[in-house]
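In: here is my input; please provide its structure:
(one chain, ligands or ions: 1)
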Amino acid sequence: MELQNKLAILADAAKYDASCSSSGSARRDAARGGIGSTEGMGICHSYTPDGRCISLLKILLTNFCIYDCKYCINRVSSNIPRARFAVAEVVDLTLDFYRRNCIEGLFLSSGIIRSSNYTMEQLVGVARSLRLDHGFKGYIHLKTIPDADPQLLAEAGLYADRLSINIELPTVQGLAQLAPEKNSATIQQAMGQLHDHIATAKAERQDARKASVISMPRSRRTRPTAPQAFAPGGQSTQMIVGADGADDGDIIVTSAKLYTGFRLRRVYYSAFSPIPDATADLPLIAPPLVREHRLYQADWLMRFYGFEAHEIVPAGAQGKRMLSLEHDPKLAWALAHRERFPVNLNTAPREMLLRVPGLGVRSVDKLLAVRRWRQLRSADIEQLRVPMDKLLPFVECQGWSPGRSLDDPLLAAKLVQPMAPRPVQASLF
Ligand code: SF4
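Out: Numbers count the residues shown, from 1 in each chain. Sure thing, here's the model as predicted:
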């Protein structure tokens, strides 16, 4: 098969992997004439540890797979065109795109061929060849296979900037039902191994940076060579949303455990997309995209806003704990805890300011900076670029008081955030 065709198949197959973000824009469509579409598969965008947005060649090594995960288009029983790259082909493609300035790195995943070890050896082979044979300094994100030999996982971390292992589904029961060949304990064990390697390498490098040796009197201070980094971008994972019966409570609690247990950099949530010839165990329609969006917002609250999982998980019976689609999770929390508001912008601690709907981390830091010199006034709030309708009922400061608006029984209805898709003119043809 021609390289071009393989690329088309294996870049398209990789689009189901959400473990790196994409920022394609529907406004530029190369298919309708012109060049420059950023929506097609093949190149995605991700963020480096220092916050830079980079373009990655996002492909599968192969979409052949010996497993039969029911939610996956690449499962062995799926009737789709298949293709497979050789290690050298992926290396050449990456270098070629890199030299043409199209990409700054590689995101490589794969279906499982022959065995987990064989597949992982191929993935590591690509990263090894790029780093050692070609001196490739770009970003590499490798999707790793949890039941592969720990030695291979350990070697992968020496070449990759980031490693990820998919947790796949939020609950053990969901995984057993939809991906019976996968094992939740094995996945978590592999995550634990990566976590230990990452933590050890980080500690060793910090020690080496601090250490200095004086070799001779009056000689220059020399430092020992720093130990090799291990996946300096950390590890991430992906969870499929809406393929099994897990509710948002299950998803948030599982994410919280992954963040605290394995210090993951990111949990990516991927709304399940219905696939052809799916089994009856799977839903016929995709969950609303806004559900995925709400989960990312909840995730953000846990990582940057000091919320605990149990504060975000909606009350209710197991299976029914769904985040509000009408209000973002912070607003939903504030509406359910009105007794903690209004928050005085001049006296509240940072932790409480971060809980005010509409205030992000940057806005809070701005307010704190101004507050060191003088009292905050209503004019200061107006200068913040934040949604005022969300903010004003929950704060007070010099010149502004929300009065009795928090007691308004219609407040929740007034603050509904519609997230339906924009209306589109119906086509006549
Ligand atoms: S192992 Fe991965 S590629 Fe293979 S069927 Fe399962 S999810 Fe799909």
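In: only C-alpha atoms from now on, for both contacts and neighbour counts.
Out: Noted.
In: which bits of the chain sit near the ligand?
Out: Counting by CA under 6 Å from any ligand atom, the chain comes close to the ligand at Cys65, Tyr67, Asp68, Cys69, Cys72, Asn74, Arg75, Gly111, Ile112.
In: top of those residues by number of neighbours, please.
Out: Neighbour count (other CA atoms under 10 Å) singles out Asn74 as the most crowded of those, with 26 neighbours.
In: show me the strands in this structure, by range?
Out: 43-47, 53-60, 105-109, 139-143, 162-164, 213-214, 221-222, 235-241, 266-271, 343-344, 395-396 (DSSP state E).
In: need the ones you listed in TSV (columns: mean pLDDT).
Out: Converted to TSV, the strands of the chain look like this (pLDDT from 0 to 100):
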stretch	mean pLDDT
strand 43-47	73
strand 53-60	88
strand 105-109	94
strand 139-143	95
strand 162-164	95
strand 213-214	56
strand 221-222	60
strand 235-241	95
strand 266-271	93
strand 343-344	96
strand 395-396	95
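In: what's the closest of the ones you listed to Ala412?
Out: Closest of the strands of the chain to Ala412 is strand 395-396, at 16.0 Å (criterion: CA to CA).
In: partners of that closest one in the sheet?
Out: When pairing is defined by DSSP bridges, strand 395-396 lines up against strand 343-344 (parallel).
In: which residues sit in contact with Pro227?
Out: Ala201, Glu204, Arg205, Ala208 (CA atoms under 8 Å, 6 or more residues apart in numbering).
In: poorly predicted segments of the stretch 301-429 of the chain, please.
Out: 418-429 (pLDDT under 70).
In: list just the nearest of the residues of the chain next to the ligand to Arg294.
Out: Nearest to Arg294 among these, with distances taken as CA to CA, is Cys72, at 23.6 Å.
In: let me know the angle separating the longest helix along the chain from strand 235-241.
Out: Selection of the longest helix in the chain by residue count, based on DSSP state H, yields helix 184-210. Angular relation of helix 184-210 and strand 235-241 on a 0 to 180 degree scale: 150 degrees, by axes from the mean of the first three to the mean of the last three CA atoms, to 10 degrees.
In: before we move on, back to that, need the max-distance pair from the residues of the chain next to the ligand.
Out: Cys72 and Ile112 (12.4 Å).
In: show me what Ala271 is bridged to.
Out: Val241.
In: distance of it from the ligand?
Out: As judged by CA to the nearest ligand atom, to the nearest Å, Ala271 and the ligand stand 14 Å apart.
In: that residue touches Leu289, doesn't it?
Out: Yes. Using CA atoms under 8 Å, Ala271 makes contact with Leu289 at a distance of 6.6 Å.
In: for those two, indicate the residue with more neighbours.
Out: Ala271 (21 against 16).
In: for that one, list the residues it contacts.
Out: Ile240, Val241, Gly242, Ala286, Pro287, Pro288, Leu289, Arg291, Glu292.
In: returning to what we had before: distance to Val364 added to the strands of the chain, as JSON lines?
Out: JSON lines is the format used below for those (distance: least, CA to CA, whole Å):
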{"stretch": "strand 43-47", "distance to Val364": "24"}
{"stretch": "strand 53-60", "distance to Val364": "24"}
{"stretch": "strand 105-109", "distance to Val364": "35"}
{"stretch": "strand 139-143", "distance to Val364": "33"}
{"stretch": "strand 162-164", "distance to Val364": "31"}
{"stretch": "strand 213-214", "distance to Val364": "44"}
{"stretch": "strand 221-222", "distance to Val364": "43"}
{"stretch": "strand 235-241", "distance to Val364": "28"}
{"stretch": "strand 266-271", "distance to Val364": "23"}
{"stretch": "strand 343-344", "distance to Val364": "12"}
{"stretch": "strand 395-396", "distance to Val364": "12"}
